[in-house]
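> let's see this in three dimensions:
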Amino acid sequence: MKKRLYIIAFTLLLVLFTGCKNAKRYKVTFMYENGDKIIEVKVSKGSSISYPNTKEIEGYYFEFDKTLAELSNIQSNIKATAYQKECDKVCRYYDGETLLKEETIKYTASSTAPTIEGVANPSWILTTERVNNVYYYTYTLDSGEEFEVIFEYENGRFISSEKVKYGSKVEYPNLEDEEGYYYDFDSDGDLNHVTSNITVVVSKLICDKDCTFYIDGKLVDEQYLEYFEKPQFPANPKGTTNQVWNEVKERIDNIYYVKYTLSYDILEPTITYYDDGQVVDLLPNKFTYGEKVTLPSYSKPGYEFLGWYISDISNTSCSEVGGYCEDNIKVYAKFVQISGFKEFVLPESSGNFTGIRRVENGSGTYVYQPVFPTTANSQVTLYDWSTSDSSIATVSTWSSISAKKAGYCVLTATLKTNHNYKINCVIHVTSSGIEFSNVNEANNHILYNVTFLGKNDEVIAVRKAEKWGAVIPPTPLSYDGFAFVGWDKDVFNITEDTQIHATYVEGSNPYVGKKISIIGDSISTYEEYVPEGYKTFYPYPTADVSDVNLTWWMKAINKLGGKLFINNSYSGSCVSTGGSSASQSMERLSKLVVNGETPDVIIIYMGSNDCHAPYTVNSFKSAYKKMLTNLKQLCPNSEIVLCTLPTSNLYTKENQNAYNNVITEFATNYKLVNLDKVDITNYLVDSAHPNKDGMEKIAEQIVKDMLK
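Next comes the predicted model:
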């Protein structure tokens with residue numbers, strides 16, 4: 001055992017010794033031949049080194065006794081000695097342009113000038129130049145003549161002049177440097193060997209600049225420009241803020257080298273939480289770009305938390321947000337109340353309505369109106385009309401009541417001439433209509449469990465609903481070889497504990513769980529389910545579409561197993577018009593993007609108002625194309641579904657066909673729903689808007705064509 005320990009210790013020492021040996025550094029000493037040291041450096045094994053600079057001595061240079069090859073891959077200490085060598089000197093003698101003599105001698109040697117016939121003691125003009133280790137002596141025979149060299153700008157403005165003898169060399173004048181410019185000299189003679197009068201024209205030219213752009217140390221672009229041209233900066237990285245391009249500039253000869261380096265901060269968008277329109281203080285309240293954060297749970301007494309939703313008009317929930325979103329994020333809490341209900345009280349009044357009646361009109365539609373007590377004046381225009389909860393129902397100046405969602409509220413008529421005189425009653429709104437009710441019934445809160453089941457009776461989710469209320473259906477389960485085609489019961493008008501089964505047929509359904517948005521006009525609206533400021537048609541007093549689940553689009557989404565993302569529908573809007581309400585408008589379409597997310601599917605049911613209005617088919621075609629172009633720019637990954645126009649009383653058959661031909665033409669690149677196969681003329685509440693049966697027909701055709 002002891003022997004083994006000795007062996008291990010010896011091995012470790014050997015490894016340490018070897019490592020130290022491998023890490024050895026070598027000394028490289030450069031010196032003159034007299035022993036004076038030039039420089040001494042230490043280098044790692046295997047390194048290479050170049051010659052150092054030596055002192056300059058007129059007429060001499062230094063040569064080392066080691067080659068550069070010997071200074072490569074250094075494996076030991078090295079001494080390199082610099083030996084002083086005498087330079088060569090090349091002497092040339094000219095008579096004008098004629099070379100009379102050339103000889104190469106050592107620098108300290110004297111050159112003998114050639115003899116000139118007829119000239120006893122010729123005079124020579126000497127110019128010298130050193131190139132590396134060689135001196136060049138140029139002797140020009142002095143003829144006694146003088147020549148003038150003139151420098152001037154290209155506009156003729158004088159700079160300077162100089163008179164010199166034959167064969168002399170003239171230097172360019174020193175001109176003051178100006179930012180962004182350089183000087184070009186155009187001479188009509190040789191300034192190194194003047195043999196005549198010379199004019200040198202000086203041009204002031206703009207420098208070039210070589211611009212390089214770096215982001216995070218990487219070259220992302222290079223632009224070669226004139227000095228005063230502005231560069232086009234590359235796009236800033238996504239998810240950044242406070243971007244600054246820092247400039248470092250260097251001039252070499254006539255070119256500026258400009259290096260731009262981007263500095264920035266990483267974007268930290270905020271997260272704002274809303275509950276019933278009020279901001280609540282929760283964490284996390286921000287995220288770093290690229291980071292996904294989990295949203296917190298949230299509770300309040302008497303309520304069951306359903307989750308966070310991307311908008312208060314959306315059925316798309318979210319458990320985490322962030323990622324590559326650059327926008328500040330808003331999320332909205334949704335609840336179902338389970339206890340602690342506020343007691344419903346009927347305010348004191350001068351009298352009470354005695355009932356609610358359904359009034360039929362000649363077109364087959366109807367409205368709901370209150371029945372006055374016999375002691376009151378029943379002329380409805382004498383009163384101001386209101387409801388205690390406009391989210392449940394609203395009332396017109398003609399006393400027609402519009403249902404919005406299931407619930408109870410107080411209907412009140414206030415005499416215009418005496419505000420103390422009021423008539424009221426409790427009304428109950430369901431998807432089936434509007435009923436006369438009372439305080440006891442309104443305060444009798446009953447909650448039912450709604451259980452959603454899969455194909456094999458698996459529990460998907462359990463939701464709570466107040467009596468007559470509605471629930472948001474969960475995402476149905478998927479099964480190989482089967483397509484989800486809807487739920488076997490309505491998800492609204494709940495009156496008991498109930499089980500709702502998912503239904504399937506053989507096939508596939510790619511829309512299960514998908515986020516679906518709508519672009520439409522009044523036919524596709526429902527109050528509180530479109531963006532703020534959008535005009536709506538539904539709910540409408542003469543329409544029986546008294547619950548959002550009776551609209552064609554909510555029916556279709558529920559049958560497809562999708563989730564409402566954003567309903568971008570605007571009552572009265574066209575494709576062709578200008579302004580923000582037009583569906584071609586980027587301002588309107590931009591509302592399809594929420595928290596940096598886009599819908600998976602966009603169903604477009606537009607064109608009814610264009611077809612009815614005095615717009616040409618060509619203007620509709622141009623606007624429809626622009627709408628699709630803008631959509632693809634905003635939502636490049638969204639599937640787009642185009643709907644043709646159904647047969648309706650709103651427009652002629654000829655116009656319907658012409659507009660549908662345009663939509664069908666564009667549909668070569670998109671999915672097409674053939675609503676022209678649907679006739680809703682007998683299912684309208686007026687000349688244009690479908691009742692609940694008309695909504696069902698539209699929804700059925702949309703689901704059928706989308707699942708083809």
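> these two touch, right, residue 321 and residue 286?
No: checked against C-beta atoms under 8 Å, the pair residue 321 and residue 286 is beyond contact range at 10.7 Å. Backbone N, C-alpha and C define where each C-beta goes, glycine included.
> overlap in contacts, these two.
residue 271 (C-beta atoms under 8 Å, 6 or more residues apart in numbering).
> who has more neighbours out of the two?
residue 321 (23 against 16; other C-beta atoms under 10 Å).
> and the closest residue to that one other than its chain neighbours, bridged to which residues?
Spatial nearest neighbour of residue 321, excluding adjacent residues (C-beta to C-beta, 6 or more residues apart in numbering): residue 329 at 5.1 Å. Beta-bridge pairing for residue 329 (DSSP bridges): residue 271.
> quick check, pLDDT for residue 455.
Listed pLDDT for residue 455 reads 96.
> before we move on, what SS does it have?
What DSSP: H, G, I helix; E, B strand; the rest coil gives for residue 455 is coil.
> contact partners for it?
So residue 455 contacts 477, 479, 482, 502, 504 (C-beta under 8 Å, 6+ apart).
> how about the secondary structure of the fourth one?
State at residue 502, reduced to three classes by three-state DSSP: strand.
> now do the contacts for it.
Residue 502 touches 452-455, 460, 476-477, 484, 486-488, 561, counting by C-beta under 8 Å, 6+ apart.
> in a markdown table, list the residues you listed along with secondary structure and distance to residue 91.
What follows is the contacts of residue 502, written out as a markdown table (DSSP: H, G, I helix; E, B strand; the rest coil; distance: C-beta to C-beta, whole Å):
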| residue | secondary structure | distance to residue 91 |
| --- | --- | --- |
| 452 | strand | 107 |
| 453 | strand | 110 |
| 454 | coil | 105 |
| 455 | coil | 106 |
| 460 | strand | 104 |
| 476 | coil | 101 |
| 477 | coil | 101 |
| 484 | strand | 101 |
| 486 | strand | 106 |
| 487 | strand | 108 |
| 488 | coil | 112 |
| 561 | coil | 99 |
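> between the residues you listed, which is closest to residue 173?
When the contacts of residue 502 are compared for distance to residue 173 (C-beta to C-beta), residue 561 wins out at 85.5 Å.
> distance of that closest one relative to residue 707?
Applying C-beta to C-beta, to the nearest Å, the value for residue 561 to residue 707 is 11 Å.
> the two: who's more crowded?
residue 561 (24 against 17).
> quick check: closest non-adjacent residue to the more buried one.
residue 512 (3.9 Å).
> assign that neighbour to helix, strand or coil.
coil.
> that older thread, which ones are touching the residue nearest to residue 321?
Residue 329 neighbours (C-beta under 8 Å, 6+ apart): 269-272, 287, 321-322, 595-596.
> give me the below-cutoff pLDDT ranges for the protein.
Counting by pLDDT under 70, the chain contains low-confidence ranges at 1-23, 362-364.
> thinking residue 451 is in contact with residue 501, fair?
No: in this structure residue 451 lies outside contact range of residue 501 using C-beta under 8 Å: 9.5 Å.
> domain map for this protein?
Split into domains by automatic domain parsing, the chain comes to 26-86, 88-141, 146-206, 208-266, 281-335, 351-443, 510-706.
> give me whichever of these is most buried.
domain 510-706 (a mean of 20; mean count of other C-beta atoms under 10 Å).
> where does residue 699 sit: helix, strand or coil?
helix.
> and the strands in the stretch 251-400 of the chain?
For the stretch 251-400 of the chain, applying DSSP state E, counting those that start in this stretch gives strands covering 255-266, 271-275, 278-280, 291-294, 303-309, 317-318, 320-323, 329-337, 351-352, 355-360, 366-371, 383-387, 393-395.
> list the buried residues for the second one?
For strand 271-275, burial by neighbour count (16 or more other C-beta atoms under 10 Å) applies to 271, 273-275.
> what about residue 651, distance to residue 606?
In terms of C-beta to C-beta, residue 651 sits 13 Å off from residue 606.
> starting at the chain centroid, how far to stretch 211-229?
From the chain centre to the centre of stretch 211-229 is a distance of 23 Å (C-alpha atoms, centre = their mean, to the nearest Å).
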